[in-house]
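kindly generate the corresponding structure for this input.
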Amino acid sequence: MSIFDRLDRIASRVIDRSFSVRFEVHPARSTPNGRPGPDPERPTWHGKGILEEQPVYDAIETGKRDRTGNDFQTLRVGNHVELSVDRHRYPQAAEARQHDRIQLDDLRKFEIVSVQPDGMARIMLVLVELR
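Next up is the predicted model:
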């Protein structure tokens, strides 16, 4: 184990103790053109992770499209939500799949869009909020 792995584990533990939120993962499976449903083969599991919500501003042009008149810009605001989970403390995070459902301790519900390892000791789950 290199010094960077040790430093990453130390930092990861401290960050999890300070800023983590509790969550519960409900595994789901889906067919290519079907809705996701519960997956009875994988168990539900609990964990802690760092939830990161960032506003996303996409520029959308309004006004004339021929570029001869006013070219106004309006901003569409969305959210980019990621959940960072330590894969050494929660090895089930490596088995998370697209369409799995996550419920936070404040009862907000999310669906996993993608699972991306960060190259060190954490896994980033990109989420979309369900309403």
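
what ranges do the helices span in this protein?
For the chain, helices defined by DSSP state H occupy the ranges 3-19.

quick one: least confident helix or strand in it?
In the chain, the helix or strand scored least confidently by mean pLDDT, DSSP states H and E is strand 71-86, which has a mean of 75.

in space, what's closest to Met124 - neighbours in sequence excluded?
Gln116 (4.6 Å; C-beta to C-beta, 6 or more residues apart in numbering). Glycine gets a C-beta too; all of them are placed from N, C-alpha and C.

doesn't Ile123 make contact with that neighbour?
Yes. When contacts are counted by C-beta atoms under 8 Å, Gln116 is listed as touching Ile123 (7.2 Å).

out of those two, which sits in the busier spot?
Neighbour comparison, Gln116 and Ile123: the larger count goes to Ile123, with 20 against 11 (by other C-beta atoms under 10 Å).

where does the prediction get shaky in the protein?
1, 58-77 (pLDDT under 70).

where do the strands sit along it?
21-26, 28-29, 37-38, 45-63, 71-86, 101-104, 109-117, 122-130 (DSSP state E).
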